[in-house]
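Colleague: Everything below, folded, please.
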Amino acid sequence: MLLERKMNGGEVVDEGDVTRRTSFLFEGLSRLVQGAMEIVRRTFFELVLRWYLSELVPDADEATRKVRDFVLQYCRVALRFTYLLQDLYSFIVTGRDRKEVAGLLKAELELLASEVDEAFIVAASRINEFERLFEDVGILDASKRLLADAVREWEKIKEENLPTLYSALAEHEREDAVSSVNACRRFVLKFVGLFDPLRITRGDEESIKFLKRIDEVGEFIFDAFWMATIAGYHVARGIKVLVSDFQGEKEAYEVMKGILERKEARWQLSEVDVERVAFSLIRIRHEIEDALSAAEKAIEMAEKAESSISNSDVDVKLKVRDARSRLEKWRSETSNVLENVLELQRFIEEKKVLPRKRL
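Modeller: Here you go, the predicted structure:
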């Protein structure tokens, strides 16, 4: 039979009511995590979200900011190299004044060298900051070796190829054209050989357009995806709170693993402890509120990106608009889940749930 008593004038309820409501909350949170995964799917950020949820990163916001800095810096290197290739083409093939083009080339080379130096500084800093993570996934030593080799090769390029190229560009007589072209060719081959593992060789028209967009609106787009990732992260933390508070960290890990693998997510309380449920709901509510705040910022960044993209760039504008629309839908669904949490909190405040007693 069910032991019953009233508390604070509340109505007596079966513990099954709380069990059903928490299961419903869990399903809503699971759908939100999978929805966030869909928004960032097939992008760098899907990896980032999985990375955060592996719990190797203690501070997701700070980690993302550092990853963001490196990605944007790398895109600047790629864009500068693309501009350089365009000027090299003019220098070697077209009939433009060689002295004029040589001046442009020298300026592009100096900017490129500066961006590459900065990229290596950022890369070294990130490896040091994420040393524990890199060590845990088994890539720390390889990353350090790769960076050291790349820096050493870049220093050789700066010492050997750049001065030769600068010297060749200073010659404007027709008979010096061959040496100039050879110097250009050697530099490009060296540079591509150094950066090709990171796929910096973007020569086709679409890739150039992509890099220019990154230069113009990349920070808005990056930040929109970043905040969407953080939103998903906070919702996932809500799931972890709910499961781990009652069944431990190991079960929470297994549940999250299933959600990330897009398996049907099912979970329910094994026993009802009103005080623990109430405490968990406070923490879950905070996570959902943080997720909503991140979603708002993501939508704001998507709107800025959309307004900054030229109307002639129809396809990209439509893609950003679609991403914004999906973010707005996700925000609405998250608001509904938050309302479910608040409703369950009110429910617990008004009622006292009593355990079943077997006679």
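
Colleague: Now whatever helix or strand Glu153 lives in: average pLDDT?
Modeller: Using DSSP states H and E, Glu153 sits within helix 140-156. Averaged across helix 140-156, the pLDDT comes to 81.

Colleague: What is the burial count for Glu343?
Modeller: Close neighbours of Glu343, defined as other C-beta atoms under 10 Å, add up to 12. Every C-beta, even on glycine, is put in place using the N, C-alpha and C of the backbone.

Colleague: Show me where this structure has its strands.
Modeller: 13-14, 353-354 (DSSP state E).

Colleague: Worst mean pLDDT among those strands?
Modeller: Note on the strands of the chain: strand 353-354 shows the lowest mean pLDDT, a mean of 48.

Colleague: show me where the stretch 201-350 of the chain has helices.
Modeller: Along the stretch 201-350 of the chain, counting by DSSP state H, counting those that start in this stretch, helices occupy 205-260, 274-308, 314-350.

Colleague: Tell me which other helices or strands the first one touches.
Modeller: To tie it back to what came earlier, the one meant is helix 205-260. In this structure, helix 205-260 packs against helix 15-39, helix 44-53, helix 60-92, helix 274-308, helix 314-350, with contacts taken as 3 or more C-beta pairs under 8 Å, 6 or more residues apart in numbering; DSSP states H and E.

Colleague: buried sites along the last one?
Modeller: Buried positions in helix 314-350, judged by neighbour count with 16 or more other C-beta atoms under 10 Å: 316-317, 320, 323-324, 326-327, 330-331, 334, 337-338, 340-341, 344-345, 347-348.

Colleague: Could you do stretch 232-245 as well?
Modeller: For stretch 232-245, using 16+ other C-beta under 10 Å, the buried residues are 232-245.

Colleague: okay, that stretch in PDB with CA atoms only?
Modeller: The C-alpha trace of stretch 232-245 is given here as PDB (Å, rounded to 0.1, in the frame of the first residue of the first chain):
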ATOM      1  CA  GLY A 232      24.700  22.000 -26.500                       C
ATOM      2  CA  TYR A 233      27.400  21.500 -24.000                       C
ATOM      3  CA  HIS A 234      25.300  23.100 -21.200                       C
ATOM      4  CA  VAL A 235      22.300  21.000 -22.000                       C
ATOM      5  CA  ALA A 236      24.500  17.800 -21.900                       C
ATOM      6  CA  ARG A 237      25.800  18.900 -18.500                       C
ATOM      7  CA  GLY A 238      22.100  19.000 -17.400                       C
ATOM      8  CA  ILE A 239      21.800  15.300 -18.400                       C
ATOM      9  CA  LYS A 240      24.900  14.500 -16.600                       C
ATOM     10  CA  VAL A 241      23.600  16.200 -13.400                       C
ATOM     11  CA  LEU A 242      20.300  14.300 -13.600                       C
ATOM     12  CA  VAL A 243      21.800  10.900 -14.200                       C
ATOM     13  CA  SER A 244      25.000  11.100 -12.000                       C
ATOM     14  CA  ASP A 245      23.100  12.500  -9.000                       C
END
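
Colleague: tell me the mean pLDDT over that stretch?
Modeller: In this model, stretch 232-245 has an average pLDDT of 89.

Colleague: which of the buried residues of stretch 232-245 lies closest to Ser167?
Modeller: Tyr233 (52.1 Å; C-beta to C-beta).

Colleague: Looks like the closest one contacts Met37 (just checking).
Modeller: No: at 11.0 Å, Tyr233 does not count as touching Met37 under the criterion of C-beta atoms under 8 Å.

Colleague: got any residues that touch both of these two?
Modeller: Residues touching both Tyr233 and Met37 (C-beta atoms under 8 Å, 6 or more residues apart in numbering): Leu49.

Colleague: still on that earlier bit, out of the helices of the stretch 201-350 of the chain, the one nearest Lys66 is which?
Modeller: helix 205-260 (11.2 Å).

Colleague: Report the inter-axis angle for that closest one versus helix 314-350.
Modeller: Relative orientation of helix 205-260 with respect to helix 314-350: 20 degrees, computed using axes from the mean of the first three to the mean of the last three C-alpha atoms, to 10 degrees.

Colleague: JSON lines for the helices and strands packed on helix 205-260, including distance to Met227 and mean pLDDT?
Modeller: Shown next, in JSON lines, are the helices and strands packed on helix 205-260 (distance: least, C-beta to C-beta, whole Å; pLDDT from 0 to 100):
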{"stretch": "helix 15-39", "distance to Met227": "11", "mean pLDDT": "87"}
{"stretch": "helix 44-53", "distance to Met227": "10", "mean pLDDT": "69"}
{"stretch": "helix 60-92", "distance to Met227": "9", "mean pLDDT": "71"}
{"stretch": "helix 274-308", "distance to Met227": "4", "mean pLDDT": "91"}
{"stretch": "helix 314-350", "distance to Met227": "9", "mean pLDDT": "90"}
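
Colleague: With distance to Ala123 as new columns, can those helices be given to me in CSV?
Modeller: Compiled in CSV, the helices and strands packed on helix 205-260 are given as follows (distance: least, C-beta to C-beta, whole Å):
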stretch, distance to Ala123
helix 15-39, 28
helix 44-53, 16
helix 60-92, 6
helix 274-308, 25
helix 314-350, 28
